[in-house]
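1. Sequence first, then the predicted structure, then my questions.
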Amino acid sequence: MAMDECRDDEGGDLSGLRLKADTAYITGATPKLDHVVQFHLGDNITALEKTTLSQGGSELICYSTLLGAVGAFYPFGTKDEIDFFSHLEMFMRSEKPPLCGRDHLMYRSYHFPVQNCVDGDLCEQFMNLPSDKQRGIASELDRTPAEIVKKLEDCRPSPPRSK
């Protein structure tokens, strides 16, 4: 590739401002990437990898953070799962307020509004609710508490089998 072609491919600064940082707000340029998911973790990610946890399992995105947390973004397989877990998350937000008193949705939307993501940690708190609250949420979802617990356990990736 010739030097002139490389300069053209770079995109350059068409505004004449000679700024290297993101100047989309100044120049009115549209972003080059689509925002598929928005989710605030509360920590800085130090490692990110697309992988599978078991042979033949579905792919997921594993991450580790500056404070030592390890987590995963796990894709749902069907539209029914997305609908079920987003409704469960909505009920859990009202039943299980955070310890610090800050609204859960406000926390997860700290930088950008939450988009196309369900908080699995919050959904897992269903098993810690008193049985009367579990039955109330289950009746709203047209299921039994046992079915909800089973669905939560099915979403967890199975550990690798030893040889």
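-> Here it is on my side, so go on. This structure is a prediction, so every number in the text was calculated from the model and none was measured.
2. how about the helices in the chain?
-> With DSSP state H as the criterion, the chain has helices at 3-10, 24-27, 79-95, 104-108, 120-124, 131-140, 145-155.
3. Give me the mean pLDDT for the shortest one.
-> Pointing back at helix 24-27 there. The average pLDDT for helix 24-27 rounds to 60.
4. What of stretch 94-114?
-> 73.
5. Could you export it as PDB, CA atoms only?
-> Extracted as PDB, the C-alpha positions of stretch 94-114 are listed here (Å, rounded to 0.1, in the frame of the first residue of the first chain):
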ATOM      1  CA  SER A  94     -38.700  -4.000  43.400                       C
ATOM      2  CA  GLU A  95     -38.400  -6.900  45.900                       C
ATOM      3  CA  LYS A  96     -34.700  -6.800  46.700                       C
ATOM      4  CA  PRO A  97     -33.500  -3.200  47.100                       C
ATOM      5  CA  PRO A  98     -29.700  -2.700  47.200                       C
ATOM      6  CA  LEU A  99     -28.000  -2.500  50.600                       C
ATOM      7  CA  CYS A 100     -26.600   1.000  49.900                       C
ATOM      8  CA  GLY A 101     -30.000   2.400  49.100                       C
ATOM      9  CA  ARG A 102     -29.200   3.400  45.500                       C
ATOM     10  CA  ASP A 103     -31.700   2.300  42.900                       C
ATOM     11  CA  HIS A 104     -30.400  -0.800  41.000                       C
ATOM     12  CA  LEU A 105     -31.400   0.600  37.600                       C
ATOM     13  CA  MET A 106     -29.600   3.900  38.300                       C
ATOM     14  CA  TYR A 107     -26.400   2.000  39.300                       C
ATOM     15  CA  ARG A 108     -26.400  -0.300  36.200                       C
ATOM     16  CA  SER A 109     -27.100   2.800  34.000                       C
ATOM     17  CA  TYR A 110     -24.300   4.900  35.500                       C
ATOM     18  CA  HIS A 111     -22.600   5.900  32.300                       C
ATOM     19  CA  PHE A 112     -25.200   4.800  29.700                       C
ATOM     20  CA  PRO A 113     -28.700   3.400  30.000                       C
ATOM     21  CA  VAL A 114     -28.800  -0.400  30.400                       C
END
